[in-house]
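Chemist: Fold the following, please.
(2 chains)
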Amino acid sequence: MESTGSVRSFTERLEARVLNPLTTASKSYYLTVGILALVVAWGIYAYTVQLRDGLYVTDLRDRITWGMYISLFVFFIGISHAGTLISAILRVSKAEWRMPITRMAEFITVVALMIGALMPLIDLGRPDRVLNLILYGRWQAPITWDIIAITTYLTGSVIYLYLPLIPDFALARDRISGSVSPVKALFYRTFSLGWQGTPSQKKNLHTAMGIMMLLIIPIAVSVHTVVSWIFGMTLREGWNSPLFGVFFVAGAIYSGIAALIILMFVLRKAYSLEEYITKKHFVYLAYMMAAFSVIMAYFNILEFVTAGYKLEGEAEFALDQLFTGSLAPYYWFYAIGGMVIPAVIIFVPWTRTIPGIIAAAGLVVIAMWMERYFIVVGGLRTPTMPYEPANYFPSWVEWSIMAGAFAGFALIITIAVKILPVIAIWEVAEQYEKEAAPIPGPVTGPAPAGGLVSPVGGQNA
Amino acid sequence: MRVPMPLRMVAVLGLTAVIFAITPLLVAAQSVEGSKLALADAPEVAIGDSIQLQASLTSGGIPVPGVEIVFFRAVEFLNSGNDLLIGRAMTDESGIAAVDFAPRSEGEILILAEFGGTEAVGDAFTEGSVLVGPGPPQYLVEAGIGVPGINVYLLAGVLTTVWGTFFFVMTLVWRIARDGSSTPVPKTATEGATGE
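Modeler: Reported below is the predicted structural model:
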């Protein structure tokens, strides 16, 4: 009975802690939203300049036709792998510690895909011509595969985000409908699908989640493989590599973990989730990040030693510009700041603290963006004919759109956490119940619709 | 008069050497004299069409059967002749050797024929030309490796399976909603707490 009481107390606290942000918003929240919205507005303004004057306002020209936008496309699609890894792979492997952070990982996936998918459209001088891809697209073209893969992944990720939200929406419907706006209450009522936690509903939900967690993994891997094929299917030096697919997938997971660590830190701080998101979560994710830093370093060695040993064609130019030429600052920041230093921070016990891990994750995110940048620009900069190599540096329009993209990413998440519970309450409660109450006993008092033991949420104030 | 034995041996060896040295020269001189190779006139041909190149070999006016004739197309690249082999053929009873030739470029093509010679018949060489007119484009090969089963239908099948699974999952969501509609949804927090 004591354990039942402990479960009840834990669940009450959990519900209050997670549902409370859905009912209230502080001044600093509105300030954050306001600042982010301003940056997004500036990015939109920059885009209108580009639409009006054409791609001439960028530094993209006939020799370097892809730059900032395509780098951001690859970067955001990479970040989106956070949800797949944390939520699906760890769910399949029954790593129970991931429960409190799955929802955040799934947020990242959906939002990053939305922002990332915009980038190729922004890269088009005439975005209306994207219709030509549908009207005249060819099955043989990697860009067609890309559109199909990303559309499929986004659809699957939205379904995968939504399924575990159903019981939490029901909980919000039951607990906080009276203290939120009528629109929000209607939203919870509609999207909870009348969830009552009946055995039949639970069975259908678990079946659906089981299918999706298995299906989403190959879809995610295929998406970043196909993204890599945009480059790998060409004969350009630096891109023409069968290693690109696995390189991109590993890099995507690497940056995805780093992005998740940062988001975890921000939400933990903003919503006082220290009881649920503990140092253990940061350290476990950091270990995974360190493992991927080693994998990435290995792929780098494979890629550059084999190309550098043979120096076939334009390989010498391509490697020179990376190691000692114009792209060297990006490359060495990526190699040292993005792989060596984060790994050292995580492997050394006295730097393996939450601030240390955040610093490592921040370095990885910046380094992975740089990696995408020098892959895209470096490949196009390497001459395929006897002409002087072109140079590229993003214009103010490109920097502004990049700032807008990052701000948009943060803004959508900031708004979403006021609508969607940031922690899967029912899953965490079920897990706690399993761990804390090994002896089954009758639960006194009424049971809520979501299957939890707490009576009325006390967070409505 | 009796010639000493050593001197006789030297004389025999010397005579033998002279005979060995002279015989091939005599034979060669005899065969070269009558060996002649000639290419038959070829009709004008279009690119892609195949024609037969014929060369006749005679020795002293008599056809030479059963010997090999080699046909080349004259090619020059960077001032270095490196003729392109068209084919090899044996002469028939009439002394005629023939190979098939399908020109792949337009213009006048120089054809060379060569007989390397035998012990009985000396070597011979000749040249002629073939006039090639325009024809349909060449090198039309089907793109791709063409592994059976690897095609757009496979891609469509994979996509159908994935999207079909999405659809199936959505039917489960619909079942959840159906079950929920059959159970009254609480309107207040207090009522919701007494859920099931």
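
Chemist: pretty sure residue A:275 is in contact with residue A:13, am I right?
Modeler: Yes: with contacts counted by C-beta atoms under 8 Å, residue A:275 reaches residue A:13, the gap being 7.1 Å. Any C-beta I mention is one placed from the backbone N, CA and C, and that applies to glycine too.

Chemist: which residue does chain A bring closest to chain B?
Modeler: residue A:194 (2.1 Å; C-beta to the nearest C-beta).

Chemist: Settle this for me: that residue is touching residue B:175, isn't it.
Modeler: No: here residue A:194 does not reach residue B:175: they are 11.3 Å apart, not a contact under C-beta under 8 Å.

Chemist: out of these two, which sits in the more crowded spot?
Modeler: residue A:194 (22 against 18; other C-beta atoms under 10 Å in any protein chain shown).

Chemist: can I assume the more buried one sits in a helix?
Modeler: No: looking at residue A:194 with DSSP: H, G, I helix; E, B strand; the rest coil, it is coil, so not inside a helix.

Chemist: Run a quick neighbour tally on the residue lying closest to it once chain neighbours are set aside.
Modeler: Nearest residue to residue A:194 in three dimensions, chain neighbours excluded: residue B:180, at 2.1 Å (C-beta to C-beta, 6 or more residues apart in numbering or on different chains). By other C-beta under 10 Å, 22 other residues sit near residue B:180.

Chemist: buried set for the helix or strand in which residue B:180 is found?
Modeler: In this assignment (DSSP states H and E), residue B:180 forms part of helix B:152-182. Going by neighbour count (16 or more other C-beta atoms under 10 Å in any protein chain shown), the buried part of helix B:152-182 is B:162, B:165, B:166, B:169, B:172, B:173, B:175, B:176, B:177, B:179, B:180.

Chemist: what helices or strands is that helix leaning on?
Modeler: Packed against helix B:152-182 by the contact rule (3 or more C-beta pairs under 8 Å, 6 or more residues apart in numbering or on different chains; DSSP states H and E) you find helix A:142-162, helix A:199-232.

Chemist: State the mean pLDDT of it.
Modeler: On average, the pLDDT along helix B:152-182 is 92.

Chemist: Please state the offset of that helix from the chain centre?
Modeler: Relative to its parent chain, helix B:152-182 has a centroid offset of 54 Å by C-alpha atoms, centre = their mean, to the nearest Å.

Chemist: between it and helix A:199-232, how big is the angle?
Modeler: 150 degrees (axes from the mean of the first three to the mean of the last three C-alpha atoms, to 10 degrees).

Chemist: thought residue A:76 was touching residue A:115?
Modeler: Yes: at 5.0 Å, residue A:76 counts as touching residue A:115 under the criterion of C-beta under 8 Å.

Chemist: Point out where the chain drops to low pLDDT.
Modeler: By default, I'm working from chain A. Where chain A drops to pLDDT under 70, the residues are A:1-5, A:437-461.

Chemist: try chain B instead
Modeler: B:1-2, B:23-34, B:77-82, B:137-144, B:183-196.

Chemist: before we move on, the earlier item: how about the residue nearest to residue A:194, what does it touch?
Modeler: A:192, A:193, A:194, A:195, A:196, A:201 (C-beta atoms under 8 Å, 6 or more residues apart in numbering or on different chains).

Chemist: ok, now with 7 Å
Modeler: A:193, A:194, A:195, A:196, A:201 (C-beta atoms under 7 Å, 6 or more residues apart in numbering or on different chains).

Chemist: Of those residues, which pair is most distant in space?
Modeler: Largest separation among the contacts of residue B:180 by C-beta to C-beta: A:193 and A:196, giving 9.8 Å.

Chemist: Of those two, give the one with the bigger neighbour count.
Modeler: residue A:196 (27 against 24).

Chemist: Angles on the backbone of that one, please.
Modeler: The phi/psi pair for residue A:196 (degrees, to the nearest 10) reads phi -120, psi 0.

Chemist: Tell me how far it lies from residue A:357.
Modeler: 41 Å (C-beta to C-beta, to the nearest Å).

Chemist: distance between the ends of stretch A:61-75?
Modeler: One end of stretch A:61-75 to the other measures 22 Å (C-alpha to C-alpha, to the nearest Å).

Chemist: roughly how far out does it sit from the chain middle?
Modeler: Put simply, stretch A:61-75 sits 20 Å off its chain's centre (C-alpha atoms, centre = their mean).

Chemist: quick one: buried residues of that stretch?
Modeler: For stretch A:61-75, burial by neighbour count (16+ other C-beta under 10 Å) applies to A:63, A:64, A:66, A:67, A:68, A:69, A:70, A:71, A:72, A:73, A:74, A:75.

Chemist: what does it contact?
Modeler: Counting by C-beta under 7 Å, 6+ apart, A:59-60, A:116, A:119-120, A:122-123, A:227, A:255, A:368-369, A:372-373, A:376-377, A:380-381, A:390, A:392, A:394, A:398, A:402, A:405 sit against stretch A:61-75.

Chemist: got it, and stretch A:29-38?
Modeler: Contact with stretch A:29-38 is made by A:407, A:410, A:411, A:414, A:415, as judged by C-beta under 7 Å, 6+ apart.

Chemist: hang on, the earlier thing: higher neighbour count, residue A:76 and residue A:115?
Modeler: residue A:76 (26 against 21).

Chemist: before we move on, what SS does the more buried one have?
Modeler: Applying three-state DSSP: residue A:76 is helix.

Chemist: residue contacts, it?
Modeler: Counted by C-beta under 7 Å, 6+ apart, residue A:76 has contacts A:112, A:115, A:116, A:119.

Chemist: Just among those, which is most surrounded?
Modeler: Ranked by neighbour count under the definition other C-beta under 10 Å, the contacts of residue A:76 are headed by residue A:112 with 27 neighbours.

Chemist: Would you list the phi and psi of that residue?
Modeler: According to degrees, to the nearest 10, the main-chain angles of residue A:112 amount to phi -60, psi -40.
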